[in-house]
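Trainee: Output the structure for:
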Amino acid sequence: MSDSDHFKFSNAVLLAPLFGVLAIWSTFWLELLNKTNFNEFGIYPRTLSGLKGVILSPFIHGSLEHLYNNTIPLAILLAALFYFYRSIAVKVILLGLLLSGLITWGIGRPSFHIGASGLIYLLASFIFFKGIFTKHFRLVALSLIVVFIYGSLLWYIFPVKDGISWEGHLGGFLTGLIFALIFEAKVPKPKKYDWERDDFNEDEDPFLKHFDADGNFIESVETEDMEKEEVISIKYHYKKNKGENSTDAD
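Mentor: Next comes the predicted model:
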């Protein structure tokens, strides 16, 4: 499979980010419309009722600023996931929400943990580590872009700021790393040139014949064709003035 066949645009590249953004904004709009908040549907660690937040918490946000800060990274990372890893994208999201949510439920402080930031850390972690592990030049480049844009997010997997669920961030980060290790993604094999093949013979290559063992250029190379001398005969025809005989010259 070539790069052009594997890395190609599909409707999911647009639909997945669109669905994700609409889902979190619609939930926030419902809160405003009903003059309530859905914080109680977030993850509350180590309680049976708090388990519902494993599924529901990514859709709930505490403020407009919280919602806005998660919108753009979520859209970009979802588009990247479905473009470069479309064969396992749905599995990464669904299983990732479960595992990262359970990690948060297990290690979190006794408070409601809400927001899509856990999913964002999951996506950023998976895309970064998977690109490094595959060693495909395009995916490695994508990993470097993720680090360049979202590298500062790494600090927030530690308790550096009050009011932020670092446990949810850490759960997403660890889940992305685990999935990058265990999930196999279809990656096109890099093109191999003739000189990279195991059966390549340097002595038979027409280009390498012009260089000696030390890499010096050889001006002339004897070949079987050069040993055979061919005689080429060319005839010129001249037409003289009227009344004169025509002659041929070799």
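Trainee: can you give me the helices in this structure?
Mentor: All helices of the chain, identified by DSSP state H, fall at 3-6, 11-34, 53-56, 64-84, 89-107, 117-134, 137-150, 166-182, 224-227.
Trainee: Indicate which one of those is closest to residue 159.
Mentor: helix 166-182 (4.9 Å; Cβ to Cβ). To be clear about C-beta, it is placed using only N, CA and C from the backbone, and glycine gets the same treatment.
Trainee: so that closest one versus helix 117-134, what angle?
Mentor: 30 degrees (axes from the mean of the first three to the mean of the last three Cα atoms, to 10 degrees).
Trainee: got the angle between helix 166-182 and helix 89-107?
Mentor: With the same axes, to 10 degrees applied, the angle from helix 166-182 to helix 89-107 works out at 140 degrees.
Trainee: Could you check how far helix 166-182 is from the centre of its chain?
Mentor: Its chain's C-alpha centre and that of helix 166-182 lie 17 Å apart, by Cα atoms, centre = their mean, to the nearest Å.
Trainee: Would you mark the buried spots in stretch 134-143?
Mentor: 134, 136, 139, 142-143 (16 or more other Cβ atoms under 10 Å).
Trainee: now swap in stretch 27-46 and tell me
Mentor: For stretch 27-46, a neighbour-count test (16+ other Cβ under 10 Å) marks 27-28, 31, 37-39, 41-45 as buried.
Trainee: swap in stretch 69-84?
Mentor: Residues 69-71, 73-84 are the ones in stretch 69-84 that count as buried (16+ other Cβ under 10 Å).
Trainee: how far away is residue 83 from residue 128?
Mentor: 15 Å (Cβ to Cβ, to the nearest Å).
Trainee: cool, residue 14 as well?
Mentor: Taking Cβ to Cβ as the criterion, residue 14 is separated from residue 128 by 23 Å.
Trainee: Low-confidence ranges, this structure, go.
Mentor: 1-7, 188-250 (pLDDT under 70).
Trainee: One more pass at 50, please.
Mentor: For the chain, the stretches with pLDDT under 50 are 1, 246-250.
Trainee: Show me how far stretch 49-61 is from its chain's centre.
Mentor: Per Cα atoms, centre = their mean, the centroid offset for stretch 49-61 relative to its chain is 28 Å.
Trainee: roughly how far apart are residue 146 and residue 120?
Mentor: Where residue 120 is concerned, residue 146 sits at a distance of 11 Å (Cβ to Cβ).
Trainee: More neighbours: which of the two?
Mentor: residue 120 (26 against 22; other Cβ atoms under 10 Å).
Trainee: wait, what's in contact with the more buried one?
Mentor: 70, 73-74, 77, 153, 172 (Cβ atoms under 8 Å, 6 or more residues apart in numbering).
Trainee: Over to residue 55?
Mentor: So residue 55 contacts 97-98, 101 (Cβ under 8 Å, 6+ apart).
Trainee: Next: residue 118.
Mentor: 57-58, 97, 100-101, 104, 165, 168-169, 171-172.
Trainee: Please name the nearest non-neighbouring residue to residue 50.
Mentor: Closest residue in space to residue 50, ignoring its immediate chain neighbours: residue 44 at 3.0 Å, by Cβ to Cβ, 6 or more residues apart in numbering.
Trainee: Thought residue 109 was touching the one you found, still the case?
Mentor: No: with contacts counted by Cβ atoms under 8 Å, residue 44 stays clear of residue 109, the gap being 10.0 Å.
Trainee: Residue 182 - how many residues pack around it?
Mentor: 7.
Trainee: hang on, I meant residue 96
Mentor: 23.
Trainee: And residue 80, how far from residue 13?
Mentor: 9 Å.
Trainee: ugh, typo on my part, it should be residue 23
Mentor: For residue 23, the distance to residue 13 equals 17 Å [Cβ to Cβ].
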